[in-house]
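1. Sequence and predicted structure below; questions after.
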Amino acid sequence: MKCKAIVCFLACAAMTCFAQDSSTSNKQSAQNQNSPAAIQSPIAQRSHWAVQTISLTDQARQAIAQQDQSTAKNDVSQALEKINKIESNPNNSASSSQNADMVPIFAEFERSSFLQPVMMAQHKTAPSGEMASGNQQTSNSSNQQVAQNEKSQLPQSDRPEAVTQVDQGFTTISLNVNTAKSDLQKAKSDLAKNDTNSADQDLMGVQQAVTLQSAEMTRPLVRARENLGLAESAIQSQDYSEAKATLTAASRALENYARNNNSAQHASDAKQLGQQIKSFSQQIDNNHSDAGSKVSGWWNQIANWTQSAS
């Protein structure tokens, strides 16, 4: 079967992927799901498991549409395994104000698009950077707009070869684990009874358990975090020229945040961190022995900021 190339702009960068037949697509998704997050921290790993849950849910719905109950059952079981991993690895660094049921998703680490099926299940687009959450219903034309607008909905970095603005992107993506687990268990039960219609509705409930929000003030922090994720990936590949570019972008984003939100909670810290990252980026070509640990620490710091600000 011939594959038709399509361009998907991901959270971390503009990347090219291919629309293939269902079986090939599922194999590709499985390969992507087995790739660990670049930043090896508990919250990054929980994010990766949450994305795997969402992707497996979409694959199960596709299998049901193709009357392949065996594959659907397998996908649902795997999704429940990911939920169990999340529950077995709680985020002990979460603040008391954060909802323990909500798992933040850091899309900069993902290598395949997972958000479009969620948006279609929720019948949404993000209007001019405003919040797009809950069960808001729009006209049928929204489903057609999702595919056209996907590149502007996903968080994006501003490394040189990528889109330079996070225009209308979601600054917060999270999965309600309790709701997702309940709906997956219902889907598993319905599939065991060969009730595929109810199972599909259950799986749609999992997709609707994803919360999508956009907050203009935190956008520079999200951009800085995303670029640090890209920098870590570049360091792992020993591409220090790319790492320098993304670190520079992260530094600029932090400086913009501090300058435009000087009364915000993390403004002073962001300014200092931006200067620190800028200084390090200027010497990374010759001094990168501990680059990975430095960038990982910075990423975790900003990730905590973006969670507390959401």
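-> Right, received. Where do you want to start?

2. isn't residue 194 right next to residue 67, touching?
-> No. Between residue 194 and residue 67 there is no contact under C-beta atoms under 8 Å: 10.9 Å. Every residue, glycine included, has its C-beta placed from N, CA and C.

3. so where do the strands sit in the stretch 51-200 of the chain?
-> Using DSSP state E, counting those that start in this stretch, the strands of the stretch 51-200 of the chain run over residues 102-104, 172-176.

4. okay if I get these as TSV plus distance to residue 185?
-> TSV is the format used below for the strands of the stretch 51-200 of the chain (distance: least, C-beta to C-beta, whole Å):
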stretch	distance to residue 185
strand 102-104	17
strand 172-176	14
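
5. Need these in CSV (columns: mean pLDDT and distance to residue 305).
-> As requested, these are arranged in CSV below (pLDDT from 0 to 100; distance: least, C-beta to C-beta, whole Å):
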stretch, mean pLDDT, distance to residue 305
strand 102-104, 93, 12
strand 172-176, 93, 12
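
6. Looking at these, spot the one closest to residue 51.
-> Among those, strand 172-176 comes nearest to residue 51, with 8.4 Å by C-beta to C-beta.

7. Just list what that closest one packs against, helices and strands only.
-> Helices and strands touching strand 172-176, by 3 or more C-beta pairs under 8 Å, 6 or more residues apart in numbering; DSSP states H and E, are helix 42-65, strand 102-104, strand 210-213.

8. quick one: buried residues of the first one?
-> So that's helix 42-65. Neighbour counts over helix 42-65 (16 or more other C-beta atoms under 10 Å) mark 43-64 as buried.

9. list the contacts for the closest residue to residue 175 other than its chain neighbours?
-> Excluding the flanking residues, the one nearest residue 175 by C-beta to C-beta, 6 or more residues apart in numbering is residue 50, at 4.3 Å. Applying C-beta atoms under 8 Å, 6 or more residues apart in numbering to residue 50 gives the contacts 82, 86, 103, 105, 174-175, 177.

10. Residue 276 too?
-> Residues near residue 276 by C-beta under 8 Å, 6+ apart: residue 298.

11. Quick one: work out the angle between the host helix or strand of residue 225 and helix 42-65.
-> Using DSSP states H and E, residue 225 falls within helix 219-236. Orientation check (axes from the mean of the first three to the mean of the last three C-alpha atoms, to 10 degrees): helix 219-236 against helix 42-65 gives 90 degrees.

12. now for helix 219-236, which elements pack on it?
-> Checking 3+ C-beta pairs under 8 Å, 6+ apart, helix 219-236 ends up next to helix 240-260, helix 267-281, helix 291-309.

13. Pick the most deeply packed of these.
-> Highest mean neighbour count of the helices and strands packed on helix 219-236: helix 240-260, a mean of 22 (counted as mean count of other C-beta atoms under 10 Å).
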